[in-house]
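Build me a structure from this.
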Amino acid sequence: MIYPQVAWVRVDTQTILSIHHNIITQNARISLSYNDHRSWYLHIKNVQEVDRGWYMCQVNTDPMRSRKGYLQVVVPPVIIDNMTSTDMVVREGTNVTMVCRATGYPEPYVMWRREDGQEFNCNGESGKK
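Residues are numbered from 1 along each chain as shown. Predicted coordinates:
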């Protein structure tokens, strides 16, 4: 029996990842498996933020059939140390600006709290940003 060939494509970069049993991409984290030539699986090891995007499974029949899906990659928040305030000493009555920079996806929610756990006001607002 002749089975149709299945291809996996990274849509947003127009990269062919595999055709039938052959991996085309140079990305060593990509692998394939299938079940009775009816279910084809694209595996990505150690998923990274750069893997976020549209992928397409294409069955090479006449007419060609395809299905797209979006891979969303959640990235845990990380505080950027060299852009974040540490200990500060200021004179009472003066102004101070404290900075906390964080990255991640979805975008992290940053909130300042006092050491005793209480919120404090910044220009009449809570410490939330």
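
Only C-alpha atoms from now on, for both contacts and neighbour counts.
Will do.

residue ranges for the strands of this protein, please.
5-10, 15-19, 22-23, 30-35, 39-44, 53-60, 65-71, 75-79, 102-105 (DSSP state E).

quick one: the longest one to strand 5-10, angle?
The one in question is strand 53-60. Orientation of strand 53-60 against strand 5-10 (axes from the mean of the first three to the mean of the last three C-alpha atoms, to 10 degrees) gives an angle of 160 degrees.

Hmm, residue 102 and residue 78 touching each other?
Yes - Residue 78 is within contact range of residue 102, at 5.4 Å (criterion: C-alpha atoms under 8 Å).

before we move on, the earlier item: among the strands of the chain, which is the most enclosed?
strand 5-10 (a mean of 20; mean count of other C-alpha atoms under 10 Å).

Poorly predicted segments of this protein, please.
Where the chain drops to pLDDT under 70, the residues are 1, 120-129.

Quickly list the domain ranges of it.
5-71, 74-129 (automatic domain parsing).

now the strands of the chain as a markdown table including distance to residue 91?
Shown next, in a markdown table, are the strands of the chain (distance: least, C-alpha to C-alpha, whole Å):
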| stretch | distance to residue 91 |
| --- | --- |
| strand 5-10 | 56 |
| strand 15-19 | 58 |
| strand 22-23 | 64 |
| strand 30-35 | 57 |
| strand 39-44 | 54 |
| strand 53-60 | 50 |
| strand 65-71 | 50 |
| strand 75-79 | 27 |
| strand 102-105 | 28 |
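
and residue 116, which of the ones you listed is closest to it?
Nearest to residue 116 among the strands of the chain is strand 75-79 (20.8 Å), distances taken as C-alpha to C-alpha.

can you list contacts of that closest one?
Residues from elsewhere that reach strand 75-79 (C-alpha atoms under 8 Å, 6 or more residues apart in numbering): 49, 100-108.

how does it look with 6 Å?
For strand 75-79, contacts defined as C-alpha atoms under 6 Å, 6 or more residues apart in numbering pick out 101-105, 108.
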